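Undergrad: next comes the sequence, and after it the predicted model I'd like to discuss.
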Amino acid sequence: MKRMVAALLLLLLCACTAQVADVAPAPESPPAESSEIAPAAPEPDPLPDEVPEPEPLPDEASEPAPEPVPYPFTEGPALSVDGAEAGAIALLEQAYYLPLEALTAHLPIHTEPTDDGGLALRLHGRCVWLSDTVSWEDSTGVLVTHSAPPVRWDGQWFVPQSVLQPGLGLTVLTDLQYPHVYVSDNRQYDPVPKGVCVPTLMYHAVSPTPRGNDELFVDPDELETQLQYLADHGYTTVTFEDLPRLDEIEKPVMLTFDDGYDDNYDYLFPLLQQYGMKATIFVITGYVNYPYYLTEAEIKEMSDSGLVSIQSHTNAHPDLDTLDEAGTRHELEISWLTLARITGKVPFVLCYPTGRQSALTRQVAAERYTYGLLMNGGDYVTGSDPFLIPRHYVSRFTDLNTFAALIQHAG
């Protein structure tokens, strides 16, 4: 029995061995680097679902930029202030406005801020207040408010042209033919102290060599002697622009030269510069640029110097007392306008040719001018008729003693 069991076991063992021999042997495993068994690697965390990118945050809310306020004006006529080109007039609904900067750049206007955010303008004792309105005190001290308000744009003030004369005492001429506005600080509207004697001397030409009527041509050396006498004896030469400040001048004298001869530029002007003295030249505008007469450039240069006041002697030098109203108006207005165009300043003094004039002459003259001068006579005393101002004639043959006698009552 034991043999039978052993034989069966042997047969089974042979059968198993035969099956194993038919299977390919497995490859050998690489030797382990360590005797320790490495732990199994953890499985990676599952990838998260794709997160959408956050939408960008909106910019902080900001106020939209304000629309620029449109310039309220259109450009008007060219502007001159006291002889200087000053840009252009600002036009608003057919009304003329002047940039305040154009006035303060060429005139001695002092500006002060006011408590209400406005501005005070001061010139020769006059004052104009700018705020929501334009106001000033009249000659009696009554406060006047102008109908047109000022305009403030982009930090700049614009003043209605119509307030310049009553408020600041400026003279304004509007040239419609060649659109241009002329503004002058000639003090035409300022009060003049009364009772002051201002000897007014009448000359014509200045030349060492006379042409035609000898007595009209004062020798330059003799004129210099006269100017030296004025300087040595405390006289001050003045023009009509200076009359409102006569209370500051002890011995005023006025030198006037008729017609506008070219030698006034060649001989008179250098002497005025040398001595720092003033004179008034009355120009016949119809003769400007003609031989023996002043050119426009010479007139402008002398006017700009501040030593020479250029004023009117009519356009064609007629006897004004023979003209009718239309003829008188033509002569005076053409001269007035022509001199403004040349000098950039508004003339306000008229010298009657040969001194001849009439009540009609004076009536028409008063529309444009403040003073009218005669040919000769006695001393001019302020407070007398401003359109009948007398003068003392100085000729080529006036000696120094006679000259001194003519001015002895000054002051």
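TA: Perfect, I can see it now.
Undergrad: can we go C-alpha only for contacts and neighbour counts from here?
TA: OK.
Undergrad: just want the most central residue of this protein.
TA: Central residue of the chain (Cα atoms, centre = their mean): residue 102, 2.2 Å from the mean position.
Undergrad: so for that one, what's the pLDDT?
TA: Here, the pLDDT recorded for residue 102 equals 96.
Undergrad: one more: the one 5 residues further on?
TA: Here the pLDDT value assigned to residue 107 is 97.
Undergrad: residue 359 versus that one, what's the distance?
TA: 36 Å (Cα to Cα, to the nearest Å).
Undergrad: neighbour count winner among these two?
TA: Legend: neighbour count by other Cα atoms under 10 Å for residue 107 and residue 359, higher for residue 107 (15 against 10).
Undergrad: any idea how far the more buried one lies from residue 207?
TA: Computed as Cα to Cα, the residue 107 to residue 207 distance reads 36 Å.
Undergrad: just give me the neighbour total for the nearest residue to the residue nearest to the centre of the chain once chain neighbours are set aside.
TA: Nearest non-adjacent residue to residue 102, counting by Cα to Cα, 6 or more residues apart in numbering: residue 86, 5.7 Å away. Counted by other Cα under 10 Å, the residues lying close to residue 86 total 20.
Undergrad: need the three-state assignment for residue 86.
TA: What DSSP: H, G, I helix; E, B strand; the rest coil gives for residue 86 is strand.
Undergrad: and if you look at the one 10 residues further on?
TA: Remark: residue 96 carries the secondary structure label strand [criterion: three-state DSSP].
Undergrad: for it, list each beta-bridge partner.
TA: Beta-bridge pairing for residue 96 (DSSP bridges): residue 91.
Undergrad: quick one: contacts for it?
TA: 76, 89-90, 160-162 (Cα atoms under 8 Å, 6 or more residues apart in numbering).
Undergrad: what pLDDT, on average, does stretch 333-349 get?
TA: 98.
Undergrad: how far away from the center of its chain is it?
TA: Computed by Cα atoms, centre = their mean, to the nearest Å, the chain-centroid distance of stretch 333-349 equals 19 Å.
Undergrad: who touches it?
TA: Outside stretch 333-349, the residues that reach it (Cα under 8 Å, 6+ apart) are 80-85, 171-173, 175, 182-184, 186, 188, 240, 284-285, 296, 299-300, 303-304, 310-315, 368-373.
Undergrad: now do 6 Å
TA: With contacts defined as Cα atoms under 6 Å, 6 or more residues apart in numbering, stretch 333-349 is touched by 80, 82-83, 184, 285, 300, 311, 314-315, 369-371.
Undergrad: do stretch 107-125 as well
TA: Stretch 107-125 is touched from outside by 127-131, with contacts defined as Cα under 6 Å, 6+ apart.
Undergrad: highest neighbour count among the contacts of stretch 333-349?
TA: Busiest of these [other Cα under 10 Å] is residue 311, holding 29 neighbours.
Undergrad: hmm, it is touching residue 282, no?
TA: Yes: in this structure residue 311 lies within contact range of residue 282 using Cα atoms under 6 Å: 4.8 Å.
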